[in-house]
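Novice: Let's see this in three dimensions:
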Amino acid sequence: MAGLWSPDGRDPRDEEPVRVHLRIYGRVQGVFFRATMREVATYYGVNGWVRNVPDGSVEAELEGPRRAVEEVVKWALRGPPAARVEKLVAEFLPYTGRYKGFVIRYD
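Specialist: Now for the predicted structure:
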């Protein structure tokens with residue numbers, strides 16, 4: 001593909017900054033989903049937040065390099081061992097760069 005070649009063989013789009021809003025449904029509260037997502041996001045260098053929602057789901061917003069964000073989303077499809085993810089809804093939004101680090105929100 002023209003314009004996508006890199007001397008080290010990596011796809012330059014992997015580093016493109018992206019933002020995604022997630023809503024995760026199933027058995028995702030009370031199973032360390034938020035704490036583990038914070039660890040996973042931090043490991044991959046992804047910024048943003050995660051919180052519980054009163055309807056029993058978990059909501060998150062992730063920003064960072066496309067490849068890193070994709071890795072966190074892949075993890076969220078299964079979650080930590082005690083979780084049972086039934087559905088994940090992802091909405092890609094314009095990147096803002098407003099987040100520094102990854103936090104658990106309690107609002």
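
Novice: Could you verify that Arg23 is part of a helix?
Specialist: No: counting by DSSP: H, G, I helix; E, B strand; the rest coil, Arg23 falls outside a helix, being strand.

Novice: Retrieve the pLDDT associated with it.
Specialist: The score at Arg23 is 98. That number is its pLDDT.

Novice: How about the contacts made by it?
Specialist: Going by CB atoms under 8 Å, 6 or more residues apart in numbering, Arg23 touches 53, 57-59, 88-89. C-beta: built from backbone N, CA, C; applies to glycine.

Novice: With Phe32 as the reference, measure out to it.
Specialist: As judged by CB to CB, to the nearest Å, Arg23 and Phe32 stand 18 Å apart.

Novice: Quick check: which ranges of the protein have low pLDDT?
Specialist: By pLDDT under 70, the weakly predicted segments of the chain are 1-14.

Novice: Do you have the strands of it handy? List them.
Specialist: For the chain, the strands defined by DSSP state E occupy 17-27, 47-52, 58-65, 84-93, 102-104.

Novice: how about those strands in TSV, adding distance to Glu39?
Specialist: Formatted as TSV, those follow (distance: least, CB to CB, whole Å):
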stretch	distance to Glu39
strand 17-27	16
strand 47-52	11
strand 58-65	13
strand 84-93	17
strand 102-104	9
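
Novice: wait, which of those strands is closest to Ala41?
Specialist: Among the strands of the chain, the nearest to Ala41 by CB to CB is strand 102-104 (4.1 Å).

Novice: Give me the sheet partners of that closest one and which way each runs.
Specialist: If you go by DSSP bridges, strand 102-104 pairs up with strand 47-52 (parallel).

Novice: and the angle from the partner strand to strand 58-65?
Specialist: Calculated by axes from the mean of the first three to the mean of the last three CA atoms, to 10 degrees, strand 47-52 forms an angle of 170 degrees with strand 58-65.

Novice: hey, which of the strands of the chain is tucked in deepest?
Specialist: strand 58-65 (a mean of 22; mean count of other CB atoms under 10 Å).
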